[in-house]
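# build me a structure from this.
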Amino acid sequence: MNYTLFNREDLPSDGNTYEFQGIEHRDTNVSFIWVDMPPGGTIRLHKHPYEEIFIIQEGLATFTVGSAMLEARAGQVIIVPADVPHKFSNLNNTQLKQIDIHVSKQFVTHWLED
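You can find the predicted model right below:
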């Protein structure tokens, strides 16, 4: 077989995210998180030893990247370099939908906040 096809619902989920780790899918060289976050949702400060790319599909997110704070809306992309602390929140009153691409076969996350 030359391809892999799966449904989002087949991925591990916590109700707001679906996680694809490349190492579990034909040893693919990338991982991603499919985010569907309700208003008020947040991901606490953390970092990775690789780049992370955020593709905002719907909604508005508030990001902290290093010492910068910014808002990102649908149609924008944020690229966070390796080892830079970051976090984000959905402070809007609608769902936040984004894809978080991890340039790694598996997730390696160092949490910096409890």
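
# buried stuff in stretch 104-114?
Ser104, Lys105, Phe107 (16 or more other CB atoms under 10 Å). To be clear about C-beta, it is placed using only N, CA and C from the backbone, and glycine gets the same treatment.

# distance of the residue positioned nearest the centre of the chain from Ile79?
Central residue of the chain (CA atoms, centre = their mean): Asp100, 2.7 Å from the mean position. Going from Asp100 to Ile79 by CB to CB, to the nearest Å gives 11 Å.

# which neighbours do the two have in common?
Residues touching both Asp100 and Ile79 (CB atoms under 8 Å, 6 or more residues apart in numbering) are Glu52, Ile53, Phe54.

# selecting buried members of the residues you listed in PyMOL, what would you type?
A single PyMOL command selects the buried members of the shared contacts of Asp100 and Ile79 (16+ other CB under 10 Å):
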select buried, resi 52+54
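
# what is the nearest of the shared contacts of Asp100 and Ile79 to Thr17?
Within these, the smallest distance to Thr17 is 12.9 Å, found for Phe54 (CB to CB).

# wait, is that closest one part of a strand?
Yes - counting by DSSP: H, G, I helix; E, B strand; the rest coil, Phe54 is located in a strand.

# pretty sure it is touching Ala74, no?
No - taking CB atoms under 8 Å as the definition, Phe54 is not a contact partner of Ala74, at 11.8 Å.

# how far does stretch 21-29 sit from the chain's center?
Per CA atoms, centre = their mean, to the nearest Å, the displacement of stretch 21-29 from the mean C-alpha position of its chain is 17 Å.

# CA atoms only for it - export them in PDB, please.
The C-alpha coordinates for stretch 21-29 follow below in PDB (Å, rounded to 0.1, in the frame of the first residue of the first chain):
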ATOM      1  CA  GLN A  21       2.100  10.800  16.200                       C
ATOM      2  CA  GLY A  22       4.000   9.900  13.100                       C
ATOM      3  CA  ILE A  23       5.900   7.100  14.800                       C
ATOM      4  CA  GLU A  24       2.600   5.300  15.200                       C
ATOM      5  CA  HIS A  25       1.600   5.800  11.500                       C
ATOM      6  CA  ARG A  26       4.100   4.200   9.200                       C
ATOM      7  CA  ASP A  27       7.000   6.000  11.000                       C
ATOM      8  CA  THR A  28       5.900   9.300   9.400                       C
ATOM      9  CA  ASN A  29       8.400  12.200  10.000                       C
END
